[in-house]
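[1] let me see the structure of the following:
(2 chains)
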Amino acid sequence: MLKHVYINKLSQHVGEEVTLKGWLYNKRASGKLKFLILRDGSGYCQCVVFKGNVSEEVFELSGSFSQESSFQVTGKVKEEARSVGGYELDVTDLKIISSAEEYPITPKDHGIEFLIDHRHLWLRSKRQVAIMKIRHRIVKAIRDFFDSRDFTLMDPPIITPNACEGTSTLFEMDYFDLGKAYLTQSGQLYGEAGAMALGKIYTFGPTFRAEKSKTRRHLTEFWMIEPEMAFYELEDNMDLAEEFLEYVVQSVLKDKQEELEVLGRDTSKLECVKRPFPRVSYDEAVEILKKNGVDFEWGNDFGGGDETIISNEFDRPVMVHRYPSAIKAFYMKRDPERDEVALAVDVLAPEGYGEIIGGSQREDNMDLLLERIKEHDLPQDFFEWYLDLRRYGSVPHSGFGLGLERLITWICGIEHIREAIPFPRMIYRNTP
RNA sequence: UCCACGAUAGCUCAAUCGGUAGAGCAUGCGGCUGUUAACCGCAGGGUCGUAGGUUCGAGUCCUACUCGUGGAGCCA
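    Numbers count the residues shown, from 1 in each chain, chains lettered A, B, ... in the order given. Sure thing, here's the model as predicted:
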């Protein structure tokens, strides 16, 4: 057998005879000519079997196996403009590795229920492969961004004894003799401990929300990135968030054009994602809503529709800061010049994709933090370790949380968050 | 939890006013030397989500239930 090469490296082997290994994506035949589309995870290649070029057995074999059968094929690589990917294999030999049973996902349309039931197979389709490759590129950009700025990756626990923010519904479990425990809703409080130890950290891990949310923006299990920085105030936090988003989006644009094209993404919308991002206060955002005819009362949180109206005013992500403290978490520091608003910031993605980042400067004053814990009716004993961060050398600090799948959904320009994660966990679905 | 919509062949869907269950894809066989979700011909493939009801007659109308989809609230 000749050297096994991958489809995305075919350009280096033009004129050579090579062996490809993969799965049958689609096939067409025309008399003495057969076209087999092979996919190998790195790309797609049309393999042409001409009756005159192969043995009788190989010619018969090449038409006999079904979609998604695995096989290896040997032939000469040539440039071919008519062919997908620009290269083609003139087949001289072919061997079936495993003949597939009748494959459920055909090249025609399918409903979402059927596709998600077959998620393990759906991942093989061109569109899903493109999304997963972009997901990987985004994850790499996120890590590169923080790593190159001297952040330390610090993994928070997944099992926690209490609700982080005291509001969400959590997945509950029995934890031996210690009573109830919960799957984490956020690694943030632990991130703060990390920032006091390491200066600048980021967490990157799974997060769980048991709310019975049933929309295209929700998963019960998703991945969250939470940087936390000692000595950062709200403005520093916003500077970092916009630099971060610009870097991630531009990295994907630079390296994943082909995949974005498969998804039909309008990349001009992504080209706009450059600093500076618009920054509007909550007050100003409320004015935008009123200008657009929304009957909105100061003090409420924005709904999905409100976020869309606000983000439609801009061509790039918009940072909304200084929300009413009453609707924000207990640990957020209040504006010293205006107690009714918190030093919080949400980043709203363009095109109606909604909130992708939520962050704030944290309350660093021991007495005020204790007051907030009592106001929110939270069990103080669970937070003693967190209060220690204020007892022992408290400093101004800030951070934000980024929902990975929401970021992917926006960058890919896809309709529903379930396609942004390999195996989505949703309120009425936990299989496959 | 609430609101709306849906369930017919392996898949995607159609079936007029309540009157014999249809098509494309997929599968099998045959044809074609440049196909791009190939095309052409033939064939097989149905407990119309479940349980009741109305009717001479129900895929179609009514009731309940099950499952699913979209949205609201809540959130990243």
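[2] what's the burial count for the one residue in chain A that gets nearest to RNA strand B?
    With distances taken as Cβ to the nearest atom of the strand, chain A approaches RNA strand B most closely at residue A:31, which sits 1.9 Å away. All C-beta spots, glycine's among them, are computed from the backbone N, C-alpha and C. Close neighbours of residue A:31, defined as other Cβ atoms under 10 Å, add up to 6.
[3] up against RNA strand B, what does the stretch 101-250 of chain A have?
    A:102-104, A:106-114, A:116, A:165, A:167-168, A:186, A:209, A:211-220, A:222, A:224 (Cβ under 7 Å from any atom of the strand).
[4] I'd say residue A:39 and residue A:25 touch.
    Yes. Counting by Cβ atoms under 8 Å, a contact exists between residue A:39 and residue A:25, whose distance comes to 4.3 Å.
[5] which residues of the stretch 101-250 of chain A score low on pLDDT?
    Counting by pLDDT under 70, the stretch 101-250 of chain A shows low-confidence ranges at A:163-167.
[6] so residue A:200 touches residue A:227, yeah?
    Yes. Assessed by Cβ under 8 Å, residue A:200 is found in contact with residue A:227 at 7.2 Å.
[7] common neighbours of the two, please.
    Applying Cβ atoms under 8 Å, 6 or more residues apart in numbering, one finds that residue A:200 and residue A:227 are jointly contacted by A:146, A:151.
[8] circling back to that earlier point, now, the residues of the stretch 101-250 of chain A next to RNA strand B that are in strands?
    Among these, the ones falling in strands (DSSP state E) are A:222, A:224.
[9] any of the residues of the stretch 101-250 of chain A next to RNA strand B buried? List them.
    Applying 16 or more other Cβ atoms under 10 Å to these, the neighbour count classes A:103, A:116, A:165, A:186, A:209, A:218-220, A:222, A:224 as buried.
[10] now the two most distant members of the residues you listed.
    Farthest-apart pair in these is A:103 and A:165; separation 45.4 Å (Cβ to Cβ).
[11] does residue A:68 count as helix, strand or coil?
    Residue A:68 carries the three-state label coil when classified by DSSP: H, G, I helix; E, B strand; the rest coil.
[12] that's a helix at residue A:399, yeah?
    No. For residue A:399, which was evaluated using three-state DSSP, the result is strand, with no helix membership.
[13] wait, doesn't it sit right on residue A:238?
    No. In this structure, residue A:399 sits apart from residue A:238 without contact. The criterion is Cβ under 8 Å, and the distance is 11.8 Å.
[14] more crowded one of the two?
    The neighbour count for residue A:399 versus residue A:238, taken as other Cβ under 10 Å, is higher for residue A:399 (26 against 22).
[15] quick one: contacts for the more buried one?
    By Cβ under 8 Å, 6+ apart, the contact list for residue A:399 reads A:188, A:191-192, A:195, A:226-229, A:232, A:237, A:359-360, A:362.
[16] quick one, what contacts residue A:271?
    residue A:253.
[17] so what pLDDT did it get?
    At residue A:271, the model reports a pLDDT of 95.
[18] what's it sitting at in phi/psi?
    The phi and psi values for residue A:271, taken as degrees, to the nearest 10, are phi -60, psi -30.
[19] now do the one 10 residues further on
    When read as degrees, to the nearest 10, the backbone of residue A:281 gives phi -80, psi 160.
[20] next, count neighbours for it.
    15.
[21] and if you look at residue A:12?
    For residue A:12, the number of neighbouring residues by other Cβ under 10 Å comes to 10.
[22] ok but it is inside a helix, no?
    Yes. Secondary structure assignment (three-state DSSP) places residue A:12 inside a helix.
[23] distance check, it against residue A:6.
    For residue A:12, the distance to residue A:6 equals 10 Å [Cβ to Cβ, to the nearest Å].
[24] which of the contacts of residue A:399 fall in strands?
    Using DSSP E, the subset of the contacts of residue A:399 located in strands is A:226-229, A:359-360.
[25] touching, residue A:421 and residue A:222? I think so.
    Yes. Here residue A:421 reaches residue A:222: they are 6.9 Å apart, a contact under Cβ under 8 Å.
[26] do the helix or strand containing residue A:91 and RNA strand B meet?
    Under DSSP states H and E, the secondary-structure element containing residue A:91 is strand A:87-98. Yes. Applying Cβ under 7 Å from any atom of the strand, one finds strand A:87-98 touching RNA strand B at residue A:88.
[27] now do that strand: which elements does it pack against?
    strand A:17-30, strand A:44-50, helix A:56-62, strand A:70-79 (3 or more Cβ pairs under 8 Å, 6 or more residues apart in numbering; DSSP states H and E).
[28] mind redoing it with 6 Å?
    Counting contacts by 3 or more Cβ pairs under 6 Å, 6 or more residues apart in numbering; DSSP states H and E, the secondary-structure elements packed against strand A:87-98 are strand A:44-50, strand A:70-79.
[29] who wins for neighbours among the contacts of residue A:399?
    residue A:228 (31 neighbours).
[30] ok, that residue touching residue A:195?
    Yes. Counting by Cβ atoms under 6 Å, residue A:228 sits close enough to residue A:195 to count as a contact (4.2 Å).
[31] between the two, what contacts are shared?
    Contact with both residue A:228 and residue A:195 is made by residues residue A:201, according to Cβ atoms under 6 Å, 6 or more residues apart in numbering.
[32] now the common contact residues for residue A:421 and residue A:222.
    Between them, residue A:421 and residue A:222 share the contacting residues residue A:405, judged by Cβ under 6 Å, 6+ apart.
[33] list just the nearest of the contacts of residue A:399 to residue A:79.
    Taking Cβ to Cβ as the measure, residue A:79 lies nearest residue A:227 of the contacts of residue A:399, at 45.9 Å.
[34] and the gap between the closest one and residue A:170?
    In this structure, residue A:227 lies at 23 Å from residue A:170, with Cβ to Cβ as the measure.
[35] could you do residue A:330 as well?
    Taken as Cβ to Cβ, the spacing of residue A:330 relative to residue A:170 amounts to 16 Å.
[36] now swap in residue A:195 and tell me
    In this structure, residue A:195 and residue A:170 are separated by 24 Å, where distance is defined by Cβ to Cβ.
[37] then residue A:251?
    For residue A:251, the distance to residue A:170 (Cβ to Cβ) stands at 34 Å.
[38] those two: who's more crowded?
    residue A:170 (20 against 17).
[39] can you show me the strands along the stretch 201-350 of chain A?
    Here the stretch 201-350 of chain A has its strands, by DSSP state E, counting those that start in this stretch, at A:221-230, A:279-281, A:318-321, A:334-335, A:338-342, A:344-349.
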